[in-house]
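[1] sequence first, predicted coordinates after that:
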Amino acid sequence: MVKLVGINHVALEVGDVDEALAWYGRFFDLTLRGRAGQAMAFVDMGDQFLAFARGRSQPPDTDRHFGLVVDDKDALRAELEAAGVQVSLPPSLDFRDPWGNHVQAVDYRDVQFTKTPAVLRGMGLELEKSDKAKAELRDKGLTSA
């Protein structure tokens, strides 16, 4: 049986790749990994990446969504609200981009998702887990802390 190890990348269909880079760049510190002409752009998330692909044609997502792990969910909420983006009520943070992609943001401190110390250092981050997240990781044998 093959084990799932993680997600290498997520590809989001958008109307225009440059517009997507500009829109997401208002809220996230983006580092462009590369491009495939005007059709795709890839932005780093440490040892993973997010791809923007030109050609969104379906209606806005409802239940289908993807989750981004961020270093400060409260700051993201404030920036989205200041820009007039409709967000869900706390404690969750859900929003849609201009192309209808449903995004859910979670704080690194509060979830089981973990980056290695080397990856965090490479990203310029020093983040700690909440006691609840540490307990969940410990219960699964994923950490000794």
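    Sure thing, it's come through.

[2] any idea which element the residue nearest the centre of the chain lies in?
    The residue lying closest to the centre of the chain (CA atoms, centre = their mean) is Leu68, at 2.3 Å. Using DSSP states H and E, Leu68 falls within strand 66-70.

[3] show me what that strand packs onto, helices and strands only.
    Other elements packing on strand 66-70 under the criterion 3 or more CB pairs under 8 Å, 6 or more residues apart in numbering; DSSP states H and E are strand 102-107. In short, each C-beta sits where N, CA and C put it, glycine included.

[4] what about the strand it packs on, average pLDDT?
    When pLDDT is averaged over strand 102-107, the result is 97.

[5] and that strand, how far out from the chain middle?
    Strand 102-107 sits 6 Å away from the centroid of its parent chain (CA atoms, centre = their mean, to the nearest Å).

[6] run through who's touching that strand.
    60-74, 76-77, 92-97, 113 (CB atoms under 8 Å, 6 or more residues apart in numbering).

[7] hang on, the earlier thing: tell me the helix or strand right after the strand holding Leu68.
    Counting by DSSP H and E, what follows strand 66-70 is helix 73-82.

[8] quick one: buried residues of that next one?
    For helix 73-82, a neighbour-count test (16 or more other CB atoms under 10 Å) marks Lys73, Leu76, Arg77, Leu80 as buried.

[9] follow-up on the earlier one: distance check, the residue nearest to the centre of the chain against Gly141.
    Distance, Leu68 to Gly141, using CB to CB, to the nearest Å: 26 Å.

[10] for Asp94, grab phi and psi.
    Torsion angles at Asp94 (phi, psi; degrees, to the nearest 10) stand at phi -120, psi 140.
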